[in-house]
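Undergrad: coords please:
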Amino acid sequence: MGFLSPLFLGGLLAAGLPVYIHLLKQHRSEPVKFSSTMFLERRTQSSVKHRRLKYIALFAMRLAIILLLALMFANPFVQRAVGSAGGGRKFVAIAVDNSFSMRTGDRLAQAKQAALSALSGMGATDRGQIMTFSSSVQFLTQPTSDKAELQRAIQGIQPGDGRSAYGEVSRTLRSMNQPDGLPVEAHVISDMQLTSMPTPFAELAIPPSTKLQLHAVADKREPNWFVESVNAPRSIFQPKKVRIQAVVGGAGTPPGELPVELAINGKVLETKKVTLTESGRATLEFFLPEAAYGLNRGEIRIPAKDSLAADDRFPFSIERKESSRILIVHDSRSSRAATYAAAAIESVPDAGYTVESLTSDQASNVAPSKFSSVILSDVGTLPASLESALNEYVKQGGGVFVALGSSTIARGKVPLTGETIRDARYASREGERFLTAGQVDKTHPAAARAGTLDEVRFYQISNVTTDKSARIIAKLSDGTPLMYERKIGEGKVLVLTSTLDNVANDLPLHASFVPLMEQSAHYLSGFDPVPADYSVDSFAELRSARDAGSAVDVLDPDGKRAVSLKESAAAQSIRLSREGFWELRRANGRNELIAVHADRRESDLEVIPKETLALWQGTGSRDGTGGGTSDQTTKPYSLWWYFALALFAVSIAESIFASRYLAAERETGNSLRRAA
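TA: A predicted model of the protein is given here:
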């Protein structure tokens, strides 16, 4: 029993009021006139008799009124076991794990059988819903009382490649508040993999109105070997040997020797043996003699199958393609800057670029569209045909790198962007010995790996008037722009307000020069860096700024279209929900092959201890000892109405008794007065 407003119990102190009225406020007997008292014996009146209660029934009623008033306002209640709003009905939620680890043996078949058994306990008036879970929860049905529909949903469950997350299951159960008040009976059917437990255990909590039942289809750890990772180049440009590294491991496995294969396009090229310690890992290398031109599908495999064969292979992709061409246009009077820029770009292993250097006159009849990007190194006046072709090239999505020097300063304008060059700043012995970069935007792709540039000394800088549309990438310590970007149409122009030689600065002599030129070439060419591999449920970018508006066809591992026609022209990314090879076909003819692998945390088949499972089940009960409530729930039942009825009855009785006693007292008093 409890009280909703316990402060009103202080009213019980008023119970002393009837005692005061009945005991201390009694009327003294009226004196009787007598002729003489000298012959009467003097005697002390008894105080006990004086304080004796009169009218016990009336006193009890008045005391009961005070007590009932205090209790009524305190609003006492008791916990009552009551059925659901549906009169004993319940809502049955069945969640089946279809993550990657459920491919082990016949675990998924056992899970489906357990789900059907749980469904058999659903009554004719109950409602149910079927869901699967891995990294997220997928609802297979709407809430329904049709058991046949629920059975079909269970039988149609297929294994997935995602990583299971029990925290997501509990989060879904916490959100399942039934509008009709039905209590929830939740069945979670899984292999209870330890690596799927959330770090904060509190994420597993379920509401008290939910009865949780856990069904484990695995009771011990099974030994499992797997290919953990593969390191292979995404693109190669020269016919040479390609080194491929692989890591093979085991979880709960004894020491032993395993064969490992390298396969390209379905053909096994090489097999090696690796020795593993108990639950250990080992690294081995393969050398691919020469890859065919185009997209190549590779796999590292373990031929010796275990109970989870799906992780005995690891997909990777290699594309062999021609190198992209970069055009450098320089002033005919000096080729020093062009030489430095070409050497920096070509020095990067497998950068995928070949550089062609021409003077502005030689490049007058060259089509910029044949090149992935263009570098203008301190050019003065450009031939009209070349300038027109470059403007059109940039508007159509091309990228140009412009370095300013004395020839450009004499012209007074920045090529292509048209910004005004106010003057040139020179460092001298009378003033600053040299200028330095004071701020670099590391979020820009061109400068992300170039360092701070604070060690570079600049002796000559073009003072350019930039507008608000320009993105400043680097500034000098006094705020003068050192490098900035301008968008023109669909393309972009990077402007360096100094030269690429070692005359106006010593930039080519520093380690930051090579990554600056390499990343600028990548950025201007539209070749955004692509991750080496993707795991299931990660997202792949479908288009860059250059591809905006163009359709991108996506084929899943089965070769089927993964996006609709509308999505192919608008979607920015796609969720890679399955293991295998995904192909991206772009409108410009550039295709890409993406290799997707399952999260290897799913390969450790260690199970959750029974004590932990019991704690998870107990999060739904009030006392922490059981899995939720039974089919009946408890709720506070107020006794206020009963106390109000009792108060009304006692008040009526007290009025009747009080009227009777008062009438008797008045009659006695009148008799005494008449006798006197």
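Undergrad: give me the beta-bridge partners of residue 263?
TA: residue 268, residue 299 (DSSP bridges).
Undergrad: I meant residue 137, not that one.
TA: Applying DSSP bridges, one finds that residue 137 bridges with residue 133.
Undergrad: what of residue 358?
TA: Going by DSSP bridges, residue 358 forms beta bridges with residue 329.
Undergrad: I'd say it and residue 328 touch.
TA: Yes. Residue 358 lies in contact with residue 328 (Cβ atoms under 8 Å); the separation is 7.2 Å. C-beta coordinates here come from the backbone N, C-alpha and C atoms, glycine included.
Undergrad: what about the two, which has more around it?
TA: residue 328 (26 against 17; other Cβ atoms under 10 Å).
Undergrad: just the pLDDT for the more buried one.
TA: Note on residue 328: pLDDT of 95.
Undergrad: from residue 375, how far out is it?
TA: Distance, residue 328 to residue 375, by Cβ to Cβ, to the nearest Å: 4 Å.
Undergrad: now the common contact residues for those two.
TA: Residues touching both residue 328 and residue 375 (Cβ atoms under 8 Å, 6 or more residues apart in numbering): 338, 341.
Undergrad: strands of the stretch 351-500 of the chain, residue ranges please.
TA: Secondary structure of the stretch 351-500 of the chain (DSSP state E, counting those that start in this stretch): strands at 353-359, 373-377, 399-403, 421-426, 437-440, 460-464, 471-476, 481-488, 491-496.
Undergrad: so where is the stretch 101-250 of the chain shaky, pLDDT-wise?
TA: 177-180, 239-240 (pLDDT under 70).
Undergrad: which residues of it fall in strands?
TA: 127-133, 137-139, 184-190, 210-216, 224-231, 235-236, 242-251.
Undergrad: of these, flag the one that's most buried.
TA: strand 184-190 (a mean of 25; mean count of other Cβ atoms under 10 Å).
Undergrad: report all helices and strands that that one contacts.
TA: strand 91-97, helix 107-120, helix 166-174, strand 210-216 (3 or more Cβ pairs under 8 Å, 6 or more residues apart in numbering; DSSP states H and E).
Undergrad: can you do 6 Å?
TA: strand 91-97, helix 107-120, strand 210-216 (3 or more Cβ pairs under 6 Å, 6 or more residues apart in numbering; DSSP states H and E).
Undergrad: quick one on the thing from earlier: among the strands of the stretch 101-250 of the chain, which is nearest residue 3?
TA: strand 210-216 (28.7 Å; Cβ to Cβ).
Undergrad: who are the packing partners of that closest one?
TA: strand 184-190, helix 610-618.
Undergrad: turn the ones you listed into JSON lines, columns for distance to residue 602.
TA: Formatted as JSON lines, the helices and strands packed on strand 210-216 follow (distance: least, Cβ to Cβ, whole Å):
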{"stretch": "strand 184-190", "distance to residue 602": "12"}
{"stretch": "helix 610-618", "distance to residue 602": "19"}
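Undergrad: right, and the helix or strand after the helix or strand of the chain with the lowest mean pLDDT?
TA: When the helices and strands of the chain are scored by mean pLDDT, DSSP states H and E, helix 47-50 comes last with a mean of 44. Per DSSP states H and E, the first helix or strand lying C-terminal to helix 47-50 is helix 56-74.
Undergrad: buried residues, that next one. List them.
TA: 58-74 (16 or more other Cβ atoms under 10 Å).
Undergrad: list of residues touching stretch 90-100?
TA: 111, 115, 118, 122, 126-134, 157, 159-162, 164, 169, 178, 182-190, 598, 602, 631 (Cβ atoms under 6 Å, 6 or more residues apart in numbering).
Undergrad: show me where this structure has helices.
TA: 16-19, 47-50, 56-74, 107-120, 147-155, 166-174, 336-346, 384-395, 406-411, 513-525, 565-570, 610-618, 640-675 (DSSP state H).
Undergrad: for the third one, give the mean pLDDT please.
TA: Just to be clear, that refers to helix 56-74. So the average pLDDT for helix 56-74 ends up being 79.
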